[in-house]
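A.B. asks: Provided below are the primary sequence and the corresponding predicted coordinates.
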2 protein chains.
Amino acid sequence: MSTEWVLHCATSLAQLDPGATASATQLAQYYDVPQAYLAKQLQALVRAGVLAATTGPRGGFRLARAASEITLLQIVEAVAGTSSPYECREIRQQGRGALPPEECRSTCVLAAKMAEAHQAWRGSLAGVSLADVLATLPPSAPARTRLRLTGTA
Amino acid sequence: MSTEWVLHCATSLAQLDPGATASATQLAQYYDVPQAYLAKQLQALVRAGVLAATTGPRGGFRLARAASEITLLQIVEAVAGTSSPYECREIRQQGRGALPPEECRSTCVLAAKMAEAHQAWRGSLAGVSLADVLATLPPSAPARTRLRLTGTA
């Protein structure tokens, strides 16, 4: 759920004019999602270097880098972490079938194959930038996004 | 966790002699995992056509097909399902920024890119068969597996 939120928020922020920002309140209203929880996700994007936060009465969030320099992987991993969902608990080393330690110095082949699959997933998302996403939107989208998100056309 | 279990169980069953079986009890002892929970996972593999279950006093589980015809993807999806972990709740259609329905007839580009990444993950696992996994094991592994799993060398 939060992955969908941050992908959409970053895509919307990518449509603002250079230097313009949107607040957590504005983003929460734009998508009708709980503001407190969204604010935490936005802070995670700041920590990941995807967004920059400015303070003050007109403060808010903007992209920390050019849209072409921000990948979907960076956005997703900012909130979901970088580790593979596959959990290897080394069951090859337990029970009646436990392998001797000298056969377990290298990664279990099953864990290695699951890690390769995770890298394939990461590679796919690393190959898509926010600029690539923007290029698929209708030409009218950015002006509408700016108007509805920040009240400026 | 259960993904690790079933990957290892299928790999062990792939090392049995043709027609030989191992019971849920034997597999649970082999890996020192809870038998009742493991049995449910093994049944999921049967439903997915990865394993065949035989009944009777010497009944148990064996591969339903040749090891070269069973992929890691089939094993993983038997217990984890086929859907992507990314949840698209169509937030593009809600809140102040809601897009008109006519702009939402095709999949959201962000959901589409997440689906592409999931397909890359699936493709990676679909490219690895149990026979590929067995080919990486030491030559002594199958005999030891048979001995410790079923008591037959």
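C.D. replies: Now that the structure is in, tell me what you want to look at. Residues are numbered from 1 along each chain as shown, chains lettered A, B, ... in the order given.

A.B. asks: Is there contact, residue-wise, from the helix ranked longest in chain A to chain B?
C.D. replies: Determined from DSSP state H, the single longest helix within chain A is helix A:109-126. Yes. Against chain B, helix A:109-126 shows contacts by Cβ under 8 Å from any Cβ of the partner chain at A:109-111, A:113-114, A:116-125. Where you see a C-beta, it was placed from the backbone N, CA and C, and this is true even at glycine.

A.B. asks: do the same with stretch A:127-134
C.D. replies: Yes. Interface with chain B: stretch A:127-134 contributes A:128, A:133 (Cβ under 8 Å from any Cβ).

A.B. asks: Which positions in that stretch come out as buried?
C.D. replies: Across stretch A:127-134, burial judged by 16 or more other Cβ atoms under 10 Å in any protein chain shown covers A:128-130, A:133-134.

A.B. asks: Okay, and which of the residues you listed map to strands?
C.D. replies: For the buried residues of stretch A:127-134, not one is inside strands, with DSSP state E as the criterion.

A.B. asks: For those, which two are the farthest from each other?
C.D. replies: Across the buried residues of stretch A:127-134, the longest distance by Cβ to Cβ is 11.1 Å; it joins A:128 and A:134.

A.B. asks: Just the buried residues from the residues of helix A:109-126 next to chain B, in PyMOL please.
C.D. replies: Selection of buried members from the residues of helix A:109-126 next to chain B for PyMOL, criterion 16+ other Cβ under 10 Å:
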select buried, chain A and resi 109+110+111+113+114+116+117+118+120+121+122+124+125
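
A.B. asks: Nearest to residue A:62 among the residues of helix A:109-126 next to chain B?
C.D. replies: Among the residues of helix A:109-126 next to chain B, and counting by Cβ to Cβ, the member closest to residue A:62 is residue A:125, at 22.0 Å.

A.B. asks: ranges for the strands of chain A?
C.D. replies: Under DSSP E, chain A gives strands at A:51-54, A:60-63.

A.B. asks: got JSON lines for these, with mean pLDDT and mean neighbour count too?
C.D. replies: As requested, those are exported to JSON lines (pLDDT from 0 to 100; neighbours: other Cβ atoms under 10 Å in any protein chain shown):
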{"stretch": "strand A:51-54", "mean pLDDT": "95", "mean neighbour count": "17"}
{"stretch": "strand A:60-63", "mean pLDDT": "96", "mean neighbour count": "22"}
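
A.B. asks: With that, I have no additional questions.
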